[in-house]
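Student: Fold the following, please.
(4 chains)
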There are 2 protein chains.
Amino acid sequence: MKNLKIKAARAAKDLSQDDLAKICGVSRQTINAIEKGDYNPTIKLCRAICRALDKSLDELFWEEDENE
Amino acid sequence: MKNLKIKAARAAKDLSQDDLAKICGVSRQTINAIEKGDYNPTIKLCRAICRALDKSLDELFWEEDENE
DNA sequence: ACATAATGTCAACTATATATTACATAAAGT
DNA sequence: ACTTTATGTAATATATAGTTGACATTATGT
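Tutor: From the prediction side, this is the model:
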């Protein structure tokens, strides 16, 4: 499922996918894939994204239903 | 760095590493390695651990300082 | 002392997160 | 219309998360 929470938080900081990628030290494609929702980042990268966007893990990465 | 928070939450539920591993659908060695602290699980596994232990991502997996 | 359960750890394997390069399209500015 | 920036999406390659099997050690129980 798409992660719109990241997209929104990124928009709130006026950062492009590429900006966020550079701050987190990963490639733009990785950020794109995470927002697109078809994968499963490591906790370390999740923390980096949270720090960059001033959000908590629960705010950006919790999901009530693990499937679909 | 060691993750004592998981160890404590697991103890509070009286679960062995093996019990937790089975609930989360991973191997005992994976749980052991995460508690030992020398690696970087995926967010999906983190959520599974949180559900099993009734804790939030922030409670079990946030870290103030990413290094050491 | 013995048995059993829980943990630590290693080696070899498989699955998948992430990188790199590249190209196509969409949005926004001029 | 043109240019630039942002995004979507492949293909191939590499690093590392997670598995499996095995053995040693440390509790805990009797």
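Student: got the contact list for the nearest residue to A:T42 once chain neighbours are set aside?
Tutor: Sequence neighbours aside, B:N40 is the residue nearest to A:T42 in space, at 4.7 Å (criterion: C-beta to C-beta, 6 or more residues apart in numbering or on different chains). The way it works is simple: take the backbone N, C-alpha and C, and place the C-beta from them, glycine included. Taking C-beta atoms under 8 Å, 6 or more residues apart in numbering or on different chains as the definition of contact, the neighbours of B:N40 are A:42-44.
Student: And A:T42, by the same measure?
Tutor: In this structure, A:T42 makes contact with B:40-43, judged by C-beta under 8 Å, 6+ apart.
Student: Could you pull out the buried residues of the longest helix anywhere in chain A?
Tutor: The longest helix of chain A (DSSP state H) is helix A:43-53. Burial within helix A:43-53, assessed by neighbour count using 16 or more other C-beta atoms under 10 Å in any protein chain shown, is assigned to A:43, A:45-50, A:52-53.
Student: For A:D18, which non-adjacent residue is spatially closest?
Tutor: Ranked by C-beta to C-beta, 6+ apart and with sequence neighbours excluded, the top spatial neighbour of A:D18 is A:R28, at 4.7 Å.
Student: Of the contacts of A:T42, just say which sits nearest to B:E66.
Tutor: Out of the contacts of A:T42, the one with the shortest distance to B:E66 is B:N40. That distance is 10.8 Å, counting by C-beta to C-beta.
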